[in-house]
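Colleague: from the sequence below, what's the structure:
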Amino acid sequence: MSKITTFLMFDGQAEEAMKFYTSLFKDSQINHIFHSEDGKILHATFTLKGQTMMCMDTSVKHDFTFTPSISLFVTCDTEGEIDALFERLSEGGQVLMPLAPSPISQKFGWVTDKFGVSWQLNLSQ
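Modeller: Numbering: from 1, shown residues only. Below you'll find the predicted structure:
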């Protein structure tokens, strides 16, 4: 496991989010889930494109959620991959920057998904 691991806190949607994310990325899987008695996730680990991540469902109602100030930056291998990820991640979410060439990328796009998590998608030149 990495010494620094991305940790996502959801409000009852952690398992749905993990299943969604692992269905999108190759080399991905849910590694471990520890449920509470009411079915919420107390702690879980999953892997996306070989990168270990963690998540949980909060049991406390907070006045905050995810923000685009922190995002997951994904380097895509092909144009087909970036197009498919952009389409699926933006469904029910919000496009922050549409897919387009950039000075440092063949194609780049930024979305917030239906769970509120921000994703920067990059296809290097």
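Colleague: could I get the buried residue list for the helix or strand His43 falls within?
Modeller: Following DSSP states H and E, the helix or strand that holds His43 is strand 41-48. Within strand 41-48, the residues that count as buried by 16 or more other C-beta atoms under 10 Å are 41, 44-48. Using the backbone N, CA and C atoms, a C-beta is placed for each residue, glycine as well.
Colleague: let's have those residues in CSV, adding distance to Leu24.
Modeller: Below are those laid out as CSV (distance: C-beta to C-beta, whole Å):
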residue, distance to Leu24
Ile41, 19
Ala44, 17
Thr45, 17
Phe46, 12
Thr47, 13
Leu48, 8
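Colleague: tell me the strands beside the strand holding His43, with direction?
Modeller: strand 29-35 (antiparallel), strand 51-57 (antiparallel) (DSSP bridges).
Colleague: Ser59 in helix, strand or coil?
Modeller: On the three-state scheme (DSSP: H, G, I helix; E, B strand; the rest coil), Ser59 is labelled coil.
Colleague: distance of it from Ala14?
Modeller: The gap separating Ser59 from Ala14 is 12 Å, by C-beta to C-beta, to the nearest Å.
Colleague: low-scoring pLDDT stretches of this structure, where are they?
Modeller: The model of the chain has pLDDT under 70 over residues 1-2.
Colleague: residue ranges of the helices in it, please?
Modeller: 14-24, 79-90 (DSSP state H).
Colleague: would you list those helices in TSV and tack on distance to Thr112?
Modeller: Compiled in TSV, these are given as follows (distance: least, C-beta to C-beta, whole Å):
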stretch	distance to Thr112
helix 14-24	13
helix 79-90	8
